[in-house]
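In: Need a 3D model of the sequence below.
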Amino acid sequence: MKETSVRVDGIRSPLLEAGPRGADEAVVFVHGNPGSTADWPRLVASVGEFGRAVAMDMPGFGAADKPERFDYSVPGYSRHLGRLLAACDVRHAHLVMHDFGGPWGLAWAATNPHAVASVTLIDTGVLLDYRWHYLARIWQTRWLGELFMATTTRAGMRLLLRHGNPRGLPVEYVDQAFNSFDAGTRRAVLRLYRNTRETKSAMQDLANALRPLDLPAQVVWGAHDPYISVDFAERQREVFPRAEVLILPDSGHWPFVDNPDAVAGTVVPFLRSQLSPR
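Out: Below you'll find the model as predicted:
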């Protein structure tokens, strides 16, 4: 496994890669908020044993650049993901997505149907009839969102992430997330959520674009996710009829962190089966 970086449109993103670097087919890991490549080392290493795996920090998150003028919206991230894949010479992508990585990656897939090979949805997906969670509503509210960000501390983040995670999250993981949660990331989060207030029509358009592709899909969901209800897990079959669905009964929003064995046990065999025929 190698740590490198790539620069697209002047924005530097750290990369985590494993497997044959020259392969134009790759499993691409797309984090959400407040994720980074730190979400994926185990899965990247496991996939690297039989195929190419790539994970990157998206602009505004992790150790990526956090420019003032980037388009912090779903279309903006979708376009940037496409440019990152081009820079990495990935022509066929098996997308593994979490949280906001789902809308970013699926929006890219909808406009690049010949380049997406399969999708793995971890507590994310096409969220028809979704209603924003309480933190999103805070971040979408001017002044209140800024106040929340200004007063977020390490202890506060540890306390906040206990909610909806009955198995708990490792202190090391939470501390790493807080270390990256600097002023640039806080600004990115506020802009992203404020640019994504209205989701109903966008999600319906996404469903209409993706449903005819009948993509190979798997869905992994923590039953206690307080941000995106587990009810959406089975609903992914409305868009991906062949989806395999696994619900982890004692996991929260980050099942690849709180139950990595169970997640690897289903995600890795699925990806192996998708890569092998090529």
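In: Which residues are in contact with residue 64?
Out: Residues near residue 64 by C-beta atoms under 8 Å, 6 or more residues apart in numbering: 11-14, 36, 56-58. Placement of C-beta: from N, CA and C, glycine included.
In: That one and residue 87: what is the separation?
Out: Shown here: residue 64 relative to residue 87, a distance of 13 Å by C-beta to C-beta, to the nearest Å.
In: and what of residue 177?
Out: 26 Å.
In: So the two - more neighbours on which side?
Out: Neighbour count, other C-beta atoms under 10 Å: between residue 177 and residue 87, residue 177 has more, with 25 against 15.
In: So the residue lying closest to that one once chain neighbours are set aside: helix, strand or coil?
Out: Spatial nearest neighbour of residue 177, chain neighbours left out: residue 34 (5.4 Å); criterion: C-beta to C-beta, 6 or more residues apart in numbering. Using DSSP: H, G, I helix; E, B strand; the rest coil, the three-state assignment for residue 34 comes out as coil.
In: Just confirm residue 34 contacts residue 61, I think it does.
Out: Yes: using C-beta atoms under 8 Å, residue 34 is in contact with residue 61, at 6.4 Å.
In: hey, what's in contact with both of the two?
Out: Shared contacts of residue 34 and residue 61, defined by C-beta under 8 Å, 6+ apart, comprise 180, 185.
In: neighbour count winner among those two?
Out: Applying other C-beta under 10 Å to residue 34 and residue 61 shows that residue 61 carries more neighbours, namely 27 against 20.
In: wait, that one sits on residue 187?
Out: No: using C-beta under 8 Å, residue 61 is not in contact with residue 187, being 11.4 Å away.
In: neighbouring contacts of stretch 246-259?
Out: By C-beta under 8 Å, 6+ apart, stretch 246-259 touches 39-40, 42-43, 98-99, 122-123, 164-170, 173, 218-228, 230, 233, 262-264, 266.
In: Let's see the ChimeraX selection covering just the buried ones among those residues.
Out: A single ChimeraX command suffices to select whichever of these are buried according to 16 or more other C-beta atoms under 10 Å:
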select :39,40,42,43,98,99,122,123,164,165,169,218,219,220,221,222,223,224,225,227,228,230,233,262,263,264,266
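In: In strands, which of the contacts of stretch 246-259 appear?
Out: Residues of the contacts of stretch 246-259 located in strands (DSSP state E): 98, 122, 218-222.
In: average pLDDT across the helix or strand hosting residue 105?
Out: In the assignment (DSSP states H and E), residue 105 maps to helix 101-111. Averaged across helix 101-111, pLDDT comes to 98.
In: returning to what we had before: list the contacts for the residue nearest to residue 177?
Out: Here residue 34 is in contact with 61, 177, 180-181, 185, 189 (criterion: C-beta under 8 Å, 6+ apart).
In: ok, now residue 78?
Out: So residue 78 contacts 103-105, 107-108, 111 (C-beta under 8 Å, 6+ apart).
In: Can you give me the pLDDT of the closest residue to residue 194 other than its chain neighbours?
Out: Nearest residue to residue 194, sequence neighbours excluded (C-beta to C-beta, 6+ apart): residue 140, at 5.4 Å. With respect to pLDDT, residue 140 has a value of 97.
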